[in-house]
Structure formats: C-alpha cells, structure tokens
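Colleague: here is the input, now give the coordinates:
(one chain, ligands or ions: 1)
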Amino acid sequence: MIDPFALRLAAAQGGTHALIDLDALAGNIAYVRSLVPAGTELMAVVKGNAYGHGLVPCGRAALAAGAQRLAVARVEEALLLRAAGVAAPILVLGPATPALARAAAEAGIALAVGSRAGLRRLLDALGDAPSPLALHLKVDTGMRRFGVEPAEAVALARALAAEPRVRLEGVFTHFATADEPDEGFLREQARRFAAVVHDLAAAGITPPLVHMANSAAILRGVVEVPAPGATLAVRPGLILYGLNPCPDRALPAAVRPVLRLVTRLGRVFTVPAGDGISYGRTYVAPRPIRCATLPIGYADGLARALSNQGWAVVDGAVCPIRGSVCMDQTVIEVEAAPRAAEGDPALLLSDGRDGAMTADQVAHLTGTISYEVVSRLAARVPRVYLRAGRPVAVLDLFGLTEADA
Ligand SMILES: *Cc1c(COP(=O)(O)O)cnc(C)c1O
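Modeller: All right, here's what the predicted structure looks like:
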C-alpha cells in the first residue's frame with residue numbers, strides 16, 4: 001500500500017502548493033519574545049486559518065515554540081483546534097456566536113464579551129453547562145468596532161462577577177493605528193485602556209490576564225499596562241508569519257517570511273506575434289514569445305489584479321504574467337528562462353531574495369495589505385510543512401496528513 005503521506009506530498013508538490021517553514025515561525029516567536037518584558041505571555045493569533053498558513057499546524061508550532069496561548073476570531077476555529085488535540089488556552093477575539101457558547105464552555109474555550117446584552121445572550125445560550133465559561137472583557141478604546149465603552153467597563157465587569165456560570169479571565173483592547181508612523185492615537189488608546197484597568201482595580205476587580213498589543217504595537221514597544229497582580233499578555237499575529245505591519249520600520253533579518261507559494265509549469269509554447277493571451281486578449285505578443293501556463297488562478301488566491309502586473313521566478317529568472325489571471329490558470333512569459341520546461345517549479349511568493357514577489361509587493365500591486373495577500377490563499381492550495389527543510393506534514397482539502405515520526 002502507498003504511504004498516505006508520500007502520496008499527498010507527491011500530489012501537492014506536483015502542482016500548486018505553499019511551503020510553510022515551521023522553523024521560521026518558531027524563530028519569529030523567539031523574536032517577539034525578545035521584545036516583550038520577561039513573564040509576558042504570548043497569545044499567538046491564528047485566526048483566518050493562521051493568516052492562510054494553516055490553523056492546526058501553525059497553532060501547534062506556535063505553542064511548541066513557546067507561545068502560552070492561541071487566539072482566533074471564531075468559536076469554530078477554536079473548536080477545530082480542540083478537535084485536533086490542542087489543549088492550551090484559546091481565546092475567541094471577536095463577538096462569539098451565542099449558539100456556540102455552551103460548546104465553548106465545555107471545550108474550555110474563552111470568549112470575548114463587549115456589552116451587557118452580549119453577556120445576556122451568552123448566558124441564555126449557556127444553559128446549565130457543567131463548567132463555567134471563561135470571558136475576556138473587551139474594551140473599545142478607539143477602534144470603534146467591538147467592545148464596551150470605557151465608562152461602562154466596571155458595570156459590565158460587576159454584572160459578570162455576579163454570575164456564577166461565567167468567570168472573568170482577562171481584559172483587553174485593540175489598537176486602530178498601531179501600524180502608522182504617528183504614534184499619537186496608539187498611545188492615547190493605551191492610556192485609555194490603562195485607565196480602565198485602574199478603575200477595575202479600584203472597584204476590586206483584577207482580571208488575571210491583561211493584554212492589548214498586536215504585532216505593530218509590540219514592534220513600537222507599546223505593550224505594558226500597569227496592572228498589579230495581573231499577568232501581561234501580547235497578541236502577535238502578522239509578525240509570527242514573518243511579515244511587517246509597520247511600513248516605517250524594517251524587521252531584523254532574524255524575522256523570516258514563513259510562506260512560499262510554488263507552482264509548476266504546464267504547457268510551454270510559443271505565442272506568435274500579434275496573438276492575444278487569455279480572456280479578453282489584454283496582452284498581445286509584440287513578437288513571437290515563449291510562454292508557459294501555470295496551474296494557479298484567482299480561485300487559489302492569486303489576485304486577478306496581478307493580470308499583466310505580477311511575475312513568477314523560473315530557473316532564477318523573472319517571468320512576467322501575460323494577460324488575465326483566470327480562475328485556475330495563468331500564463332507567464334518565459335523568454336528570460338530559455339531552459340524552462342513542463343514540470344519546472346515556478347515561484348510566485350517568497351521573501352524576495354530569490355526575485356519572487358513578496359507579500360508586500362503583491363499587496364502594493366493589488367491595492368491591499370500583506371495580511372490579505374496571505375489570508376486569501378485558498379483551502380485548495382495544499383500546504384507542505386517543513387522542519388529543518390524537510391516535509392513533515394501536508395494539509396490539503398482532505399485534511400492534515402503527517403509524516404511518521
Ligand atoms: C488580528 C488581531 C490581532 C493580531 O493583529 P496583528 O496585526 O496581525 O498582529 C490582535 N488582536 C486582535 C483583537 C485581532 O483581531
């Protein structure tokens with residue numbers, strides 16, 4: 001019988017796939033650790049399928065590299081981690097679906113609460129769950145999205161404390177502008193949050209965990225909250241994947257992008273002068289040009305806005321995308337890679353050192369941010385996980401398959 005891991009790996013590597021370097025992820029965790037005060041807990045943010053990198057493998061790798069906790073956006077993401085055997089504390093950052101409150105309590109998953117009405121809905125859905133539901137009080141200090149107004153935080157915390165079916169595990173806020181060079185509003189939000197934590201303490205309420213900093217705030221050193229008796233935590237997301245949220249700051253070389261996107265040349269052929277390429281014939285060959293089709297398109301997460309803009313690297317050479325990116329296929333010109341042949345690897349996304357596009361370059365070309373570039377990588381793109389450069393697991397549409405240890 002064929003070893004299922006070998007089969008999945010061969011299938012993944014035979015076409016479009018993402019290489020996820022778990023050692024790079026561990027190195028990035030170590031870098032975050034070096035930036036924050038000793039004793040700070042790292043809550044690795046793995047929402048959005050770990051920013052496209054794969055929820056379960058990246059969650060496990062972050063914990064193995066020293067993160068104490070994980071954070072996600074949806075209760076379902078937390079339940080998937082539990083189903084995969086992840087026992088570490090998990091917080092759902094966003095407003096939770098009340099229908100899943102009981103499942104969260106039973107699985108020991110903490111939820112965020114940002115209003116009296118929200119608390120009421122969670123309690124109604126909890127029923128007589130055997131274990132109390134852990135809650136983190138979310139304070140809206142200026143993001144204007146989700147959370148309690150600072151002036152109402154103490155009242156909400158008191159309502160929560162009066163209810164035996166829930167317990168207060170933490171208090172947190174989220175920054176709106178931490179990535180911007182002007183740190184004025186970032187520091188204003190930190191001040192507002194510190195005042196709320198102070199008010200809570202004055203009311204006799206000390207949440208065990210206090211946290212506010214995302215990747216950008218960690219890079220800017222806006223991390224600490226005066227909170228005697230509480231443990232400080234940070235919530236790094238983007239930087240764990242080796243990407244930079246702050247355009248005005250360079251990351252040290254120790255921080256490495258975790259993801260590379262690779263595909264393989266399909267048909268290699270010559271387009272005669274005057275022929276248009278792909279839907280709409282938006283690129284017309286000015287002379288006969290060698291081209292190759294790639295089995296990747298916007299259904300894989302390759303932005304259609306890269307049509308006639310992006311490039312791949314084949315045999316070390318930059319090969320521009322010609323014509324429209326289709327749903328499942330894309331055409332590149334391979335004149336710069338005269339030895340290019342069917343089956344050769346083509347690199348679409350990397351750390352830039354090999355000439356391939358970086359997530360920041362794709363973001364710039366397509367009018368978005370690197371967060372979206374990696375997060376939109378579709379589930380049908382198999383992820384191949386590397387340790388010490390060797391494949392150790394494959395995540396594809398059929399699930400996660402690991403190599404025998
Ligand atoms: C996504 C998110 C984070 C992580 O943000 P990064 O900019 O990726 O570090 C932290 N906290 C909350 C509430 C989030 O939604």
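
Colleague: whatever residue of the stretch 101-250 of the chain ends up closest to the ligand - how many residues pack around it?
Modeller: For the stretch 101-250 of the chain and the ligand, the shortest gap (C-beta to the nearest ligand atom) falls at residue 237, measuring 2.4 Å. Bear in mind the C-beta positions are built from the backbone N, C-alpha and C, glycine included. As a burial measure, residue 237 scores 22 neighbours (other C-beta atoms under 10 Å).

Colleague: pLDDT score for the closest residue to it other than its chain neighbours?
Modeller: Of all residues not flanking residue 237 in the chain, residue 45 sits nearest, at 3.5 Å (C-beta to C-beta, 6 or more residues apart in numbering). What the model reports as pLDDT for residue 45 is 99.

Colleague: then residue 90?
Modeller: pLDDT, residue 90: 98.

Colleague: before we move on, back to that, surely the residue of the stretch 101-250 of the chain closest to the ligand touches residue 51?
Modeller: Yes: in this structure, residue 237 is within contact of residue 51 by C-beta atoms under 8 Å, at 6.5 Å.

Colleague: need the contact partners of stretch 148-157.
Modeller: Stretch 148-157 has contacts (C-beta atoms under 8 Å, 6 or more residues apart in numbering) with 113-116, 119, 137-141, 168, 171, 192, 195-196, 199-200, 203, 205, 207.

Colleague: out of these, which end up buried?
Modeller: 113-115, 119, 137-141, 168, 171, 196, 200, 205, 207 (16 or more other C-beta atoms under 10 Å).

Colleague: please report how far the closest residue to residue 73 other than its chain neighbours lies from the ligand.
Modeller: Sequence neighbours aside, residue 47 is the residue nearest to residue 73 in space, at 3.8 Å (criterion: C-beta to C-beta, 6+ apart). To the ligand, residue 47 is 6 Å away according to C-beta to the nearest ligand atom, to the nearest Å.

Colleague: and the nearest residue to residue 68 once chain neighbours are set aside, its phi and psi?
Modeller: Leaving aside its chain neighbours, residue 68 sits nearest to residue 41 (4.4 Å; criterion: C-beta to C-beta, 6+ apart). When read as degrees, to the nearest 10, the backbone of residue 41 gives phi -90, psi 140.

Colleague: equivalent analysis for residue 190, please.
Modeller: Torsion angles, degrees, to the nearest 10, at residue 190: phi -60, psi -40.

Colleague: SS state for the closest residue in space to it that isn't next to it in sequence?
Modeller: Spatial nearest neighbour of residue 190, chain neighbours left out: residue 222 (5.4 Å); criterion: C-beta to C-beta, 6+ apart. What DSSP: H, G, I helix; E, B strand; the rest coil gives for residue 222 is coil.

Colleague: need the contact list for residue 222.
Modeller: Contacts of residue 222 by C-beta under 8 Å, 6+ apart are 175, 178, 183, 186, 187, 190, 212, 213.

Colleague: give me the subset of these touching the ligand.
Modeller: Subset of the contacts of residue 222 in contact with the ligand: empty, counting by C-beta under 6 Å from any ligand atom.

Colleague: and of those residues, the nearest to residue 69?
Modeller: The closest of the contacts of residue 222 to residue 69 turns out to be residue 213 (C-beta to C-beta; 13.8 Å).

Colleague: ok, that closest one touching residue 235?
Modeller: Yes: under the criterion of C-beta under 8 Å, residue 213 makes contact with residue 235 at 6.6 Å.

Colleague: of those two, who's got more company?
Modeller: residue 213 (31 against 22).

Colleague: per-residue confidence for that one?
Modeller: 98.

Colleague: could you check how far it is from residue 402?
Modeller: In this view, residue 213 and residue 402 are 33 Å apart by C-beta to C-beta, to the nearest Å.

Colleague: likewise for residue 185?
Modeller: Residue 185 is 45 Å from residue 402, by C-beta to C-beta.
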